[in-house]
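S.K.: Need a 3D model of the sequence below.
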Amino acid sequence: MAESAREFFDNLESRADSSKAAGMTASYLFDIEGAGEWRVVVDDGKVTVTEGGGEADCTIIASEETFGRIVAGEQNPTMAYMSGKLKVKGDMSQALKLQKLF
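M.R.: Here you go, the predicted structure:
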């Protein structure tokens, strides 16, 4: 695995492509089993990450192994969802938008 979930979220604000997030407003809670929780807020191009839970439009739950494979490009997120390795609660349309952001 290229990086841990913590490293991914620690670096996410600086890596996010603001042009792809322009006009988008959503909040996500990532519950990475064995690693922790991070809340990611996208507000018209600005991405903010905070550690810990909270309210979100969409909650994404995965093991750290599955999450790491998705981030590394080794696991297709849609296939992970279909096989039950990735769970989504809340607004599914917001989850689908994530793929174009990062």
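S.K.: For L98, report the pLDDT, please.
M.R.: L98 carries a pLDDT value of 84.
S.K.: dump the residue contacts of it.
M.R.: By CB atoms under 8 Å, 6 or more residues apart in numbering, the contact list for L98 reads Y28, I60, P77. Where C-beta positions appear, they are placed from N, C-alpha and C, glycine not excepted.
S.K.: Could you work out the end-to-end span of stretch 72-84 for me?
M.R.: The first and final residues of stretch 72-84 sit 19 Å from each other (CA to CA, to the nearest Å).
S.K.: after the helix or strand harbouring A80, next one along is what?
M.R.: Per DSSP states H and E, A80 falls inside helix 77-82. Proceeding N to C from helix 77-82, the next assigned helix or strand is strand 86-90, under DSSP H and E.
S.K.: So what are the sheet partners of that following strand and their directions?
M.R.: Within its sheet, and counting by DSSP bridges, strand 86-90 is paired with strand 58-63 (antiparallel).
S.K.: so which of the contacts of L98 comes closest to L101?
M.R.: Nearest to L101 among these is Y28, at 9.7 Å by CB to CB.
S.K.: Secondary structure element for the nearest residue to the closest one once chain neighbours are set aside, which one?
M.R.: Leaving aside its sequence neighbours, Y28 sits nearest to V40 (CB to CB, 6 or more residues apart in numbering; 4.5 Å). Here V40, judged by DSSP H and E, is contained in strand 36-43.
S.K.: what sits up against the following helix or strand past that strand?
M.R.: Of the helices and strands lying after strand 36-43 in sequence (DSSP H and E), the nearest is strand 46-51. Defining contact as CB under 8 Å, 6+ apart, one finds that strand 46-51 is touched by 9-10, 12-13, 16, 18, 21, 36-41, 101.
S.K.: try it again with 6 Å
M.R.: Where contact means CB atoms under 6 Å, 6 or more residues apart in numbering, the residues beyond strand 46-51 that reach it are F9, L12, E13, A16, W38, R39, V40, V41.
S.K.: I appreciate the help and will end here.
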